[in-house]
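J.: A predicted structure for the sequence below; I have some questions about it.
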Amino acid sequence: MYMDGSFELIREFDPEIAQMTVEEETRQMNTLCLIASENYASPMTLGMEGTVWANKNAEGYPGRRFAGGCELADRVERLAVKRCKELFGCEYANVQSMSSTLSNVAVLRALLKPGDMILSMELNQGGHLSHGAKFHYSGKSYQVIQYGLNPKTEVIDMEQVERLAKEHRPKLIICGTSSYPLKVDYKRFGEIAREVGAYLMADIAHPVGLIAAGVIPSPIPYADVVTTSTHKTFRGPRGCGIIMCKEGLGKRIDQQIFPGMQGAPKMDMIASRAVLFKECMTPEYRAYQQQVAKNAEALADELKKCGLRLVAGGTQTHLVLVDVRGLISTGRQAEEVLESVGIVVNKNMIPYDPQPANLASGIRIGSPALTTRGFKEEDIRETARLLAETLKHCDNREKLQEISAKVREKAMRYPMFAKEWISA
């Protein structure tokens with residue numbers, strides 16, 4: 001992947017970095033990535049990163065730049081916005097944010113005053129730190145009331161959401177999750193928000209690719225603002241945020257991105273987003289997202305057959321949250337032993353977790369990355385069995401070596417990016 005002329009120059013000038021880059025590529029190729037928030041960017045979007053657009057200072061917005069020579073930059077950004085609006089059916093879009101978390105902060109600054117109230121999901125039950133965690137800007141700058149899951153069903157407690165909204169009358173309600181395996185009822189959230197006079201923000205950074213392909217419902221008809229990153233299920237470049245909103249809120253949000261928090265945007269990443277949006281409109285992309293959903297369902301089903309308990313009983317998206325305590329003590333132990341055999345996951349708290357975040361009782365896994373490599377349902381089921389076997393035999397060095405060999409052999413049979421997902 002990296003062995004072009006420019007990399008040869010780097011190899012000569014900085015062999016330390018070059019060697020680490022080669023080793024990282026080898027690691028990615030020889031392991032099975034089940035991290036739900038990771039993916040392999042498509043060659044088309046990856047190909048725009050670091051192009052000549054990386055040289056261009058385009059501070060400001062199209063038609064209102066603070067540097068000359070931006071005529072083509074204006075065309076690129078306008079095209080990215082046009083395609084985003086077409087893809088999602090939104091009224092207004094900002095493609096300058098350098099991450100989804102920055103997008104969330106910009107929305108809060110645009111819609112709220114310091115001390116205003118937010119109703120959002122608890123971090124330890126599946127929410128995101130930028131939705132009001134105490135240690136985050138969002139939690140330090142605003143009053144935050146949080147909802148969670150029904151302890152019996154592990155589904156978002158919409159009765160609690162409605163009760164808290166009516167009791168506290170928040171200025172903003174946030175829906176969207178980072179470790180919740182089921183669909184979010186955006187329609188019901190919208191009804192509650194309108195009933196109490198609140199804005200509704202939907203953070204779709206995790207399921208965005210499934211939404212873009214029409215595999216699961218979109219929040220666009222119900223939310224005032226929708227934010228997302230561009231990697232995870234989207235399968236685009238990292239380090240990019242997108243904000244979609246009602247027309248009347250657009251200028252206020254724009255001002256919070258620039259000049260509120262950022263200077264000049266990275267034009268190569270905006271160009272990469274433009275390519276991503278076009279790619280999302282292809283039959284190959286829709287087929288990919290359908291396979292992501294099928295693979296996630298197969299992953300969940302096989303793990304249950306192997307004796308693992310899944311939060312909420314399974315998945316309706318790309319993500320599976322696994323309670324590992326039936327086979328191993330903590331999520332951290334699970335993460336470490338799985339990595340030792342080449343299966344890459346991340347520890348994660350489960351709802352009402354009795355263990356601290358640095359240990360956790362679960363792992364958060366997903367199907368996007370392996371689907372990108374070309375895995376189908378039976379491949380995913382085999383991976384699930386290897387995962388469960390690893391946890392069951394975590395203290396058996398000989399068995400772990402045997403599993404490691406199987407993982408490596410499986411991984412080496414697949415490319416980083418399957419040709420079937422590349423548009424003709």
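T.: Thanks, I have it. Numbers count the residues shown, from 1 in each chain.

J.: in terms of pLDDT, where does Ala165 sit?
T.: We have a pLDDT of 98 for Ala165.

J.: thought it was touching Ala193?
T.: Yes - with contact defined as Cβ atoms under 8 Å, Ala165 counts as touching Ala193 (7.4 Å). Glycine gets a C-beta too; all of them are placed from N, C-alpha and C.

J.: between those two, who's got more neighbours?
T.: More crowded of Ala165 and Ala193, by other Cβ atoms under 10 Å: Ala193, with 24 against 21.

J.: re the thing from before, what touches both of Ala165 and Ala193?
T.: Ile173 (Cβ atoms under 8 Å, 6 or more residues apart in numbering).

J.: can you give me the helices for the stretch 1-150 of the chain?
T.: Ranges of helices in the stretch 1-150 of the chain, per DSSP state H, counting those that start in this stretch, are 5-13, 15-30, 43-46, 71-88, 100-111, 137-141.

J.: packing partners of the shortest one?
T.: Going back to what we said before, that points to helix 43-46. Contacting helix 43-46 under the criterion 3 or more Cβ pairs under 8 Å, 6 or more residues apart in numbering; DSSP states H and E are the following elements: helix 267-280.

J.: contact partners of the helix it packs on?
T.: Residues contacting helix 267-280 (Cβ under 8 Å, 6+ apart): 42, 44-54, 56, 58, 73, 76-77, 79-80, 83-84, 86-87, 95-96, 98, 209, 212-213, 230, 234-237, 239-240, 242, 285, 423.

J.: buried residues in the next helix or strand after it?
T.: Where DSSP states H and E defines the elements, the next helix or strand beyond helix 267-280 is helix 283-305. Using 16 or more other Cβ atoms under 10 Å as the test for burial, helix 283-305 gives 284-285, 288-289, 291-304.

J.: contacts for the helix or strand just after helix 283-305?
T.: Using DSSP H and E, the helix or strand that directly follows helix 283-305 along the chain is strand 309-310. Strand 309-310 has contacts (Cβ under 8 Å, 6+ apart) with Pro181, Ala300, Leu303, Lys304, Val320, Leu321, Val322, Asp323, Gly326.

J.: mind giving me JSON lines with these and columns for pLDDT and distance to Lys278?
T.: Listed next are the contacts of strand 309-310 as JSON lines, based on pLDDT from 0 to 100; distance: Cβ to Cβ, whole Å:
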{"residue": "Pro181", "pLDDT": "97", "distance to Lys278": "30"}
{"residue": "Ala300", "pLDDT": "98", "distance to Lys278": "32"}
{"residue": "Leu303", "pLDDT": "98", "distance to Lys278": "36"}
{"residue": "Lys304", "pLDDT": "98", "distance to Lys278": "38"}
{"residue": "Val320", "pLDDT": "98", "distance to Lys278": "30"}
{"residue": "Leu321", "pLDDT": "98", "distance to Lys278": "33"}
{"residue": "Val322", "pLDDT": "98", "distance to Lys278": "36"}
{"residue": "Asp323", "pLDDT": "98", "distance to Lys278": "40"}
{"residue": "Gly326", "pLDDT": "93", "distance to Lys278": "45"}
